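[1] I need the structure of the sequence given here:
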Amino acid sequence: MSETSHHGHLGGSAGLKAGAISLGGDFVASVATVAPSSSVAFTLALLLGFSGLATPLAVLVVGVAMLFVSFGYAQMNKWKPSAGAPYVWVGRAVGPTAGIGTGMISVVASTVANIGNITLAGAYFLAVIFPSSTFPSIVTWLVAAIIMAVLIWLAIRGIRPSIVVQTAFIVIEYGAIISFVVLALIHELSHAAPGVHGPSWSYFTINGGFGGFRGLAEAAVVCGFLYAGWEAPLVLGEESSNAKINPGRAAILGTAFLTIWYTFLMVVFQGVSSQGDLVKHGADVLAYAGQILVPGFWGRALPLAVLVAVIGTTQMQMTEPSRILYAMARDRLIPAIFGRVSLKHSTPWWAITFLGVIPPIALIPYLLNTSASRAIGYIISASGLLYLAMYCIIALSCVWFSRAEIIARKGKALLTAGLLPLAGGLFNLVIFIYGLKTQGSTIALVALAGLVVCVVIAFIVRARARQEAFFTSRGGKDEPASAEAPVPAAEMD
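    Coordinates of the predicted model:
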């Protein structure tokens, strides 16, 4: 395969493939990255422990806040579709160093989340195929590593085939989930067993849960992880048709859909058994629900949906940061190797491979050592807080960036570029701060350490590349570095 380090034309043969995906593909990227089935499986029990049967209210409120933030993302994308969206946008609105720090938050949060994803992918695959068997850690690692290798290969082959596979995953996932939703509603409305209860409007009141307002606030922090990833189409702007409109529109549609879908799933699945039993089953809660609704072989269709969702989100959460690293290398902010693009597939193959090998490597100590397992668990838990910080920064940056337009035009700009992103950004800030106080001192320290690392990297990049256009021209402050700079011959493979 031929590759080249590219700093050049957006649509050129050596760069990303312009117009590779449509609005539908962008929407699939938004939904697939979030992976609703697996996210519900991993968080339902935890959310019930915080907010009880008022969990749907917490999920709805956070979803609306994320929808508000998505308007800010869409506004920035109208100005500059870019593979390096987070760092380019914040670099323009606030300053280049802040922009690079925000871009690194996105890279770190996605990669850390993928450590958790690949950990679960191996275990879930074995549980679905061999439900009554146990396996040594080395088998789980080998399965997880093989899954990741296949996903790296798929991601390198191009964004279009990746979206085709993601669409197939969604069909499988949603087919299984919808079937079980129907069964769950029949089960609940017939009150088939003690503790089973049908949907109720009381779920949307604070009195519906036992945690009160504090419980809802703690659940809202967890929802930061639940919704993480909806922004994926924004880094695909250079590969999208109608680049200034479709990625932002897909993010808005994606968060709106996910808010409704998540809320509905919480309403349905929290009623299949008693609250105590659901909480007791933790991350296996959907597997437990599947066996209640359809005992035996067919009950495994629900954990299969979770497995498919985990595999889908793993691939997309590797694809998203690979574009950011590629864009940074193109702007000569980080080593040029991260900007190497496959001439055949138009993908940043080196960045994809680098990001793809990290989770399996991190999985080795996770499986072999209890202390390492606990430490990595803290890191994964902190990824939700990192996402909250990133959403807050970009939403508020949008408001600052658009302030002149908001004042001049008022009307629609006041709403979509001003009030909605401001409300969403401040909400994310509040639950981020609240999460630092309530998620446990270790998780809070890990999250803060992650932010500090991203800031330190930003200053290192500034010291190393301060003469590059992103810092010296209007590129960092008023206009990001041109994506059409020529490629030095010495940097071609």
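[2] Show the subsequent helix or strand relative to the helix or strand residue 105 falls within.
    Using DSSP states H and E, residue 105 falls within helix 96-129. Using DSSP H and E, the helix or strand that follows helix 96-129 in sequence is helix 137-156.
[3] Show me what counts as buried in that next one.
    By 16 or more other C-beta atoms under 10 Å, the buried positions in helix 137-156 come out as 140-141, 143-145, 147-148, 151-152, 154-156. Bear in mind the C-beta positions are built from the backbone N, C-alpha and C, glycine included.
[4] same question, stretch 237-247
    237-240, 243, 245-247.
[5] Over to stretch 120-130?
    By neighbour count on 16+ other C-beta under 10 Å, the buried set for stretch 120-130 is 120-128.
[6] ok, and what's touching that stretch?
    By C-beta atoms under 8 Å, 6 or more residues apart in numbering, the surrounding residues in contact with stretch 120-130 are 38, 42, 133, 135, 139-145, 147-148, 283, 287, 300, 303-304, 306-307, 310-311, 314, 363.
[7] so where do the strands sit in this protein?
    Remark: strands assigned in the chain by DSSP state E are 3-5, 340-342.
[8] Comparing those by mean pLDDT, which bottoms out?
    The minimum mean pLDDT among the strands of the chain belongs to strand 3-5 (a mean of 39).
[9] where's residue 67 relative to residue 215, distance?
    From residue 67 over to residue 215 the distance is 23 Å, taken as C-beta to C-beta, to the nearest Å.
[10] Please disregard the earlier target; I meant residue 99.
    37 Å.
[11] Tell me which of the two has more neighbours.
    More neighbours surround residue 99 than the other of residue 99 and residue 215, with 27 against 21 (other C-beta atoms under 10 Å).
[12] give me every residue that touches the more buried one.
    For residue 99, the contact set (C-beta under 8 Å, 6+ apart) comprises 86-92, 476.
[13] Using JSON lines, please lay out those residues together with pLDDT and neighbour count.
    Shown next, in JSON lines, are the contacts of residue 99 (pLDDT from 0 to 100; neighbours: other C-beta atoms under 10 Å):
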{"residue": "86", "pLDDT": "95", "neighbour count": "30"}
{"residue": "87", "pLDDT": "96", "neighbour count": "31"}
{"residue": "88", "pLDDT": "95", "neighbour count": "33"}
{"residue": "89", "pLDDT": "96", "neighbour count": "28"}
{"residue": "90", "pLDDT": "96", "neighbour count": "28"}
{"residue": "91", "pLDDT": "94", "neighbour count": "29"}
{"residue": "92", "pLDDT": "91", "neighbour count": "23"}
{"residue": "476", "pLDDT": "45", "neighbour count": "27"}
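[14] Let's have those in TSV, adding distance to residue 46.
    Formatted as TSV, those follow (distance: C-beta to C-beta, whole Å):
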residue	distance to residue 46
86	28
87	32
88	35
89	32
90	31
91	36
92	37
476	41
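[15] and the helix holding residue 105, how far out from the chain's middle?
    8 Å (C-alpha atoms, centre = their mean, to the nearest Å).
[16] Likewise for stretch 204-224?
    Centre-to-centre, stretch 204-224 and its host chain are 22 Å apart (C-alpha atoms, centre = their mean).
[17] mean confidence for that stretch?
    For stretch 204-224, mean pLDDT is 79.
[18] Same check on stretch 387-395?
    In this model, stretch 387-395 has an average pLDDT of 95.
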